[in-house]
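# test case, fold it:
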Amino acid sequence: MEHKLYIKELDHYRGIVLTENQKKYVAKNPYYDLSKLPSGNIREEVRAFLLDRSKKVDMATFYGERTRYKKICRFLNRYAKNIDSLADIEKDVWMKKLKVWMFQEGIEITKKQEGVYGTVVLVKTREFGYLDAMLDFVNEHKIPEKEKDIWRLEKLDIPYKDNIVKSSKTINFTGIAQKEIREELKKGIYLNLQGEAIACVQKEMTAMRRLSKYLKERYPRIQSCKELEREIIEEYLTYLKTEATETKHFHADLNRLRAILESIGHACGYQNLRDLFLTRDIPPTRKAEFKVYSDEELKRLNAAIVNMDEQTARLMIIHQMLGTRISDTLTLETDCLYEKGMDTIIRIRQMKTSAYEKPISIELAVLIRKAIAYTQERFGETKYIFVNENNLKKPMQYGTIQCRIVKMIREQNIRDDNGNLFGFGSHLYRHYYGAKLTEMHVDDWTLAKLLGHTNVKNVKYYRKMSNQILADDTRKAREKLSDIILKNLDGWGNEYEQIRQDGGM
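Down below sits the predicted model:
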């Protein structure tokens, strides 16, 4: 058996057009050395893992992971000499052994990680994640995916509605303390995955984790959903209102909790779960504050955005000029433009609702075509204009652009009109776009069409934001109308004359 896996000779990487960044990684023909592993069978398991891994990550990532691979080889040479397969030992045991070994070897176990908004937390180093992925691969043939405590969505035997700009890879059931409830929840989630968006399913998981934690503290005897009663739910509702500190608004949480419990009842045949919640239990939806950037705020932001890398700057300017949701901007396709008479039309495939088309300016069309050319020069033909560089079949991820913009804001200390650091208010651009259209006195139906709405019910929010502008724009007309009315008051009696004098008219 050949013990060296040369990266550029692997099937998934052979024949691809390399970027300049990728070329420097394979110039010296790097490889993975399987001879560093302890036994023949383990080498075969790891070989299969590496071949599978090469299909999931780009060449630069696969190259960079060699450092972690070498550490794992040293670790396995100490702890796997007398076993035939990595599956012979439970994953938790492997992880504890790895932690001990890294401590003994003086290898960093945790590192500080700064979140998008500057929050610093301690996380385990990537060696743990790498071994975890390796063990999952080896074990996956032994346990059906539905029976595992962490589901890899790509391994499930059903299609699901993923959000391609906020991709979810797993569903984690380990946060459910009660073993029976965990297994019941798997059945309910599996059922819901077949009809709900993954974002809804993840919210159901959050709601069930919160309930599980409550039951563990207040009702440790409850180990199955069939033991839940209306009285327990009423006490839980009181707890959420008076003691829970995770969030102040539980409308969505309780809606998703009711939905998943009903699905569990359907999947498991538990009649008691059908009437646990009453309509009055769900608090009304909190009215969101409808914010919009001021002109000065937008100028400050854009002055910094235009100095970022050219494709990121194009993305954010195009996003503003289109007035789209950020998900719709990130998923613009390379065939989105076409000519119709004297106009350039853009086709926007909205993720939330249906696709729509609208004419755009010459300047915006030029900007979009430059973005398309930039992507094609570097990555060849792609479906999306703004691509995920780690997987060219997918669009750029929301988290990627969020990190870039927030990092720029923090580094340059860019603040809003109130003196606070800007966040990543991508939807505020859409609000600004809509508000400006109302200031131009665009009618409701036209405004709705330009925003991609199917009706005019949300137009009122944009008009509400522009009440002051409306007052300013119509002041002369209102004053003229008042003069006409006041003239008609002449001779109508002393009481009307008094009104004029009292009002300074």
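
# domain parsing for this structure?
Domain segmentation of the chain under automatic domain parsing yields 1-142, 144-287, 295-464, 474-505.

# now the ones you listed in CSV, with mean pLDDT?
Shown next, in CSV, are the domains of the chain (pLDDT from 0 to 100):
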stretch, mean pLDDT
domain 1-142, 86
domain 144-287, 88
domain 295-464, 85
domain 474-505, 50
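
# in CSV, list these along with mean neighbour count.
In this view, the C-beta of every residue, glycine as well, is placed from N, C-alpha and C. Output for the domains of the chain, formatted as CSV (neighbours: other Cβ atoms under 10 Å):
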stretch, mean neighbour count
domain 1-142, 15
domain 144-287, 16
domain 295-464, 16
domain 474-505, 10
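
# helix, strand, or coil at the most centrally placed residue in the chain?
In the chain, the C-alpha nearest the mean C-alpha coordinate belongs to residue 166, at 3.3 Å (Cα atoms, centre = their mean). Per DSSP: H, G, I helix; E, B strand; the rest coil, the secondary structure class of residue 166 is coil.

# model confidence for residue 465, exactly?
Confidence at residue 465, expressed as pLDDT, is 54.

# where along this protein do the strands fall?
Assigned by DSSP state E, the chain shows strands spanning 4-6, 31-33, 110-114, 120-124, 150-152, 170-172, 337-340, 343-348, 356-360, 387-388, 391-395.

# list the neighbouring strands of the fifth one plus their orientation.
What it means is strand 150-152. Using DSSP bridges, the strands paired with strand 150-152 are strand 170-172 (antiparallel).

# what residues does the partner strand touch?
The contact list for strand 170-172 (Cβ atoms under 8 Å, 6 or more residues apart in numbering) reads 149, 150, 151, 152, 153, 189, 201, 202, 205.

# again, only this time at 10 Å
Residues from elsewhere that reach strand 170-172, judged by Cβ atoms under 10 Å, 6 or more residues apart in numbering: 136, 148-156, 160, 185-186, 189-190, 193, 198, 201-202, 204-205, 209.

# likewise stretch 47-55?
Residues contacting stretch 47-55 (Cβ under 10 Å, 6+ apart): 1-3, 5, 7, 10-13, 32, 34, 37, 46, 61-62, 65, 69, 86, 130, 133-138, 140.

# switch the cut-off to 6 Å
5, 10, 12, 32, 34, 62, 134, 137 (Cβ atoms under 6 Å, 6 or more residues apart in numbering).

# other SSEs contacting the lengthiest helix in the chain?
The longest helix of the chain (DSSP state H) is helix 198-218. Secondary-structure packing of helix 198-218 (3 or more Cβ pairs under 6 Å, 6 or more residues apart in numbering; DSSP states H and E): helix 179-193, helix 251-268.

# again, only using 8 Å
For helix 198-218, the packing partners by 3 or more Cβ pairs under 8 Å, 6 or more residues apart in numbering; DSSP states H and E come out as strand 170-172, helix 179-193, helix 230-242, helix 251-268.

# tell me how far that helix lies from the chain's centre.
Centroid separation between helix 198-218 and its chain, computed with Cα atoms, centre = their mean, to the nearest Å, is 19 Å.

# dump that helix to CSV, keeping only the CA atoms.
Coordinates of each C-alpha in helix 198-218 appear next as CSV, following Å, rounded to 0.1, in the frame of the first residue of the first chain:
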residue,chain,number,x,y,z
ILE,A,198,-33.5,24.4,8.9
ALA,A,199,-33.7,27.8,10.6
CYS,A,200,-37.1,26.9,12.2
VAL,A,201,-35.8,23.5,13.2
GLN,A,202,-32.8,25.1,14.9
LYS,A,203,-35.1,27.4,16.8
GLU,A,204,-37.1,24.3,17.9
MET,A,205,-33.8,22.8,19.2
THR,A,206,-33.1,26.0,21.2
ALA,A,207,-36.6,25.9,22.7
MET,A,208,-36.3,22.3,23.7
ARG,A,209,-32.8,22.8,25.3
ARG,A,210,-34.3,25.6,27.4
LEU,A,211,-37.2,23.4,28.5
SER,A,212,-34.9,20.4,29.2
LYS,A,213,-32.7,22.6,31.5
TYR,A,214,-35.8,23.7,33.3
LEU,A,215,-37.1,20.2,33.8
LYS,A,216,-33.7,19.0,35.0
GLU,A,217,-33.7,21.7,37.7
ARG,A,218,-37.4,21.7,38.8
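
# turn the strands of the chain into JSON lines, including distance to residue 450.
Shown next, in JSON lines, are those (distance: least, Cβ to Cβ, whole Å):
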{"stretch": "strand 4-6", "distance to residue 450": "53"}
{"stretch": "strand 31-33", "distance to residue 450": "53"}
{"stretch": "strand 110-114", "distance to residue 450": "39"}
{"stretch": "strand 120-124", "distance to residue 450": "42"}
{"stretch": "strand 150-152", "distance to residue 450": "41"}
{"stretch": "strand 170-172", "distance to residue 450": "38"}
{"stretch": "strand 337-340", "distance to residue 450": "16"}
{"stretch": "strand 343-348", "distance to residue 450": "11"}
{"stretch": "strand 356-360", "distance to residue 450": "6"}
{"stretch": "strand 387-388", "distance to residue 450": "27"}
{"stretch": "strand 391-395", "distance to residue 450": "23"}
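
# with residue 275 as the reference, name the closest of these.
Ranking these by their distance to residue 275 (criterion: Cβ to Cβ) puts strand 170-172 first, at 27.3 Å.

# how far off centre is the closest one?
Here strand 170-172 is found 15 Å from its chain centre; the criterion is Cα atoms, centre = their mean.

# surely residue 272 touches residue 265?
Yes. Contact criterion Cβ atoms under 8 Å: residue 272 and residue 265 qualify, at 7.3 Å.

# report the separation between residue 260 and residue 81.
Distance check for residue 260 against residue 81: by Cβ to Cβ, to the nearest Å, it reads 46 Å.

# that older thread, and residue 329, which of the helices and strands packed on helix 198-218 is closest to it?
Nearest of the helices and strands packed on helix 198-218 (Cβ to Cβ): helix 251-268, 24.9 Å.

# quick one: the helices in the stretch 251-400 of the chain?
Assigned by DSSP state H, counting those that start in this stretch, the helices in the stretch 251-400 of the chain fall at 251-268, 295-305, 310-322, 326-330, 362-379, 398-412.

# okay if I get those helices as a markdown table plus distance to residue 443?
Formatted as a markdown table, the helices of the stretch 251-400 of the chain follow (distance: least, Cβ to Cβ, whole Å):
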| stretch | distance to residue 443 |
| --- | --- |
| helix 251-268 | 33 |
| helix 295-305 | 24 |
| helix 310-322 | 20 |
| helix 326-330 | 23 |
| helix 362-379 | 22 |
| helix 398-412 | 33 |
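
# among the strands of the chain, which is nearest residue 321?
Among the strands of the chain, strand 356-360 comes nearest to residue 321, with 7.6 Å by Cβ to Cβ.

# which elements pack onto that closest one?
Here strand 356-360 touches strand 343-348, helix 444-451, going by 3+ Cβ pairs under 8 Å, 6+ apart.

# pairing partners for it, with directions?
Strand 356-360 has its sheet partners listed here by DSSP bridges as strand 343-348 (antiparallel).

# pull the CA atoms of the strand it pairs with into PDB?
The C-alpha trace of strand 343-348 is given here as PDB (Å, rounded to 0.1, in the frame of the first residue of the first chain):
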ATOM      1  CA  ASP A 343     -33.200  49.400 -19.900                       C
ATOM      2  CA  THR A 344     -31.100  46.900 -18.000                       C
ATOM      3  CA  ILE A 345     -33.200  44.500 -16.000                       C
ATOM      4  CA  ILE A 346     -32.100  42.600 -13.000                       C
ATOM      5  CA  ARG A 347     -33.600  39.300 -11.900                       C
ATOM      6  CA  ILE A 348     -33.500  38.800  -8.100                       C
END
